[in-house]
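# Prediction below, plus the sequence it came from.
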Amino acid sequence: MEKKKWVKHLPLFIIEILVLIAAIGILFVVLRTTGKNGVKKDVIDTEQIAVNEEVKKKVTESKEPETVNEYTGIYNVAFFGVDARDENLGKGNNRSDTIMVCSIDMDKHEVRLISVYRDTYLNIGNDTYKKCNAAYAYGGPKQALGMLNMNTDLFITDYVTVGFEGLVEAVDALGGIEIDVAESEISHLNNYQISMVGTTEDGKHYEASEGVDYTPVTQPGLQTLNGLQATAYCRIRFVGDDFKRTERQRNVLIAMMEKAKRASLGTLMEAADAVLPHVITSIDVEDMLPVLGMVGDYKVTVSDGFPFRDMLNGGPIRTEGECIVPTSLEENAVRLHELLFPEEEYEPSEELKSYSKYIEEDTQGYLRY
């Protein structure tokens, strides 16, 4: 459920979280000064986005009249990262490699990042239970938003989707980012680089030429990663499985946010211009301008994953293969709301309780513990 101070327009989020794709808040300036308009704007009928009925009723009844200062309250928005090299960022073959809830507290100037593990066994927005990243492939952003809402009791109607190529170009435009690379991650990081650049026209992989197609990471420790290296780092799955993988994604996001805060206007404009072809969003660019000056005041205070580490199990679920399973979706949702809305007591909706019960009964006999 959203906080009572509902925000009609997108304020800080589009500046803060889209620093992941080069502080897209500067986009407004780019459009006005260059006449370019490369943003793929997706107009979604919010009435068609699945939301648990109890949540929708509470939010609707708690909306307050607009005040002079509308940049207050908590605003939640979804972020999806997809491996779409043909720039088709909608439904189809794109399962969302990255699923993240970005929660912006505009009163406390705090950003809370919650990754949803892509292999989590959930209701995918249509009362079908699969790995949650299938929602994007089946129904695009609209169904992926519904999947998030139904399994968390949130009311999210805005999203941003970024193709991985956009992340590469955004990091490069920012001049790279500082990441502490572990020894165990180096070989996998370099292999992912090769997988992204070492491809022939017919789709077959070959050994990329070092120094031509990619720059290998050769030593551990804190270092500046370029765009390809940072994107490959985000995709590592073989060191710490999906829990560590989503943590890497959040670390890259935070590193980009900090780098963008110190970047010049020219650098931010260049980064925004480079990444526009790789982004689609439901958000109006015009809502960014009034809050451009707020960016430097915000900080990330929560970085975690859903389901929470002490509240999940796992195992091969029939034809779905290896899945992450919340031991109690209901209890996970309660903790999520405690993180996002610390001043509110939370009682899960009856709909969410029914999903939780179904998952518990449906996965019996498949789990390891």
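Thanks, I have the structure now. Numbers count the residues shown, from 1 in each chain.
# Count the residues that sit near Val46.
For the record, residue 46 is Thr, not Val. Per other C-beta atoms under 10 Å, the neighbour tally for Thr46 reads 13. Every residue, glycine included, has its C-beta placed from N, CA and C.
# Give the full set of residues in contact with it.
Thr157 (C-beta atoms under 8 Å, 6 or more residues apart in numbering).
# please redo it, this time with the cut-off set to 10 Å
Lys142, Leu145, Phe155, Ile156, Thr157, Asp158, Ser282 (C-beta atoms under 10 Å, 6 or more residues apart in numbering).
# Assign a three-state SS to Asn190, would you?
helix (DSSP: H, G, I helix; E, B strand; the rest coil).
# Correct me if wrong: Ser349 contacts Met150.
Yes. Between Ser349 and Met150 there is a contact at 9.5 Å, judged by C-beta atoms under 10 Å.
# which residues touch the closest residue to Asn226 other than its chain neighbours?
Distances taken as C-beta to C-beta, 6 or more residues apart in numbering place Gly176 nearest to Asn226, at 5.1 Å, with adjacent residues excluded. Residues near Gly176 by C-beta under 10 Å, 6+ apart: Gln223, Thr224, Leu225, Asn226, Gly227, Gln229, Ala230, Ala255, Lys259.
# hang on, the earlier thing: so what's in contact with Ser349 and Met150 at the same time?
In contact with both Ser349 and Met150: Val51, Asn52, Val55, Tyr355, using C-beta under 10 Å, 6+ apart.
# The last one contacts Thr128, correct?
No. With contact taken as C-beta under 10 Å, Tyr355 and Thr128 are classed as non-touching, separated by 11.5 Å.
# For the stretch 251-369 of the chain, which segments count as strands?
279-281, 299-306, 312-316, 322-326 (DSSP state E, counting those that start in this stretch).
# And the stretch 101-250 of the chain, by the same measure?
110-116, 121-123, 129-131, 159-163, 177-181, 221-225.
# where does the stretch 51-200 of the chain dip in pLDDT?
Counting by pLDDT under 70, the stretch 51-200 of the chain has low-confidence residues at 63-72, 83-95, 199-200.
# same thing but 80
Applying pLDDT under 80 to the stretch 51-200 of the chain picks out residues 61-73, 82-97, 104, 106, 109, 162-167, 198-200.
# And for the stretch 251-369 of the chain?
Ranges of the stretch 251-369 of the chain meeting pLDDT under 80: 253, 257-258, 260-279, 283-300, 343-344, 369.
# Ser356 is in contact with Tyr121, correct?
No. Between Tyr121 and Ser356 there is no contact, the gap being 11.7 Å when judged by C-beta under 10 Å.
# what is in contact with these two at once?
Pro326, Leu329.
# Can you pick out the residue with more neighbours from these two?
Comparing Tyr121 with Ser356 by neighbour count (other C-beta under 10 Å), the higher total belongs to Tyr121, at 26 against 21.
# all helices for the stretch 1-150 of the chain, in order.
With DSSP state H, counting those that start in this stretch as the criterion, the stretch 1-150 of the chain has helices at 13-16, 27-34, 53-62, 134-152.
# Equivalent analysis for the stretch 151-300 of the chain, please.
For the stretch 151-300 of the chain, the helices defined by DSSP H, counting those that start in this stretch occupy 164-173, 186-197, 227-235, 241-262, 265-275.
# Between the ones you listed, which one is closest to Met106.
helix 241-262 (16.1 Å; C-beta to C-beta).
# Show me what counts as buried in that closest one.
Of all the residues in helix 241-262, those buried under the rule 16 or more other C-beta atoms under 10 Å are 242, 245-246, 248-257, 259-261.
# can you redo the strands of the stretch 251-369 of the chain as TSV with distance to Glu338 and mean neighbour count?
Formatted as TSV, the strands of the stretch 251-369 of the chain follow (distance: least, C-beta to C-beta, whole Å; neighbours: other C-beta atoms under 10 Å):
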stretch	distance to Glu338	mean neighbour count
strand 279-281	29	24
strand 299-306	10	18
strand 312-316	17	17
strand 322-326	16	21
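# Columns distance to Cys132 on top of these, output as CSV?
As requested, the strands of the stretch 251-369 of the chain are exported to CSV (distance: least, C-beta to C-beta, whole Å):
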stretch, distance to Cys132
strand 279-281, 20
strand 299-306, 10
strand 312-316, 13
strand 322-326, 9
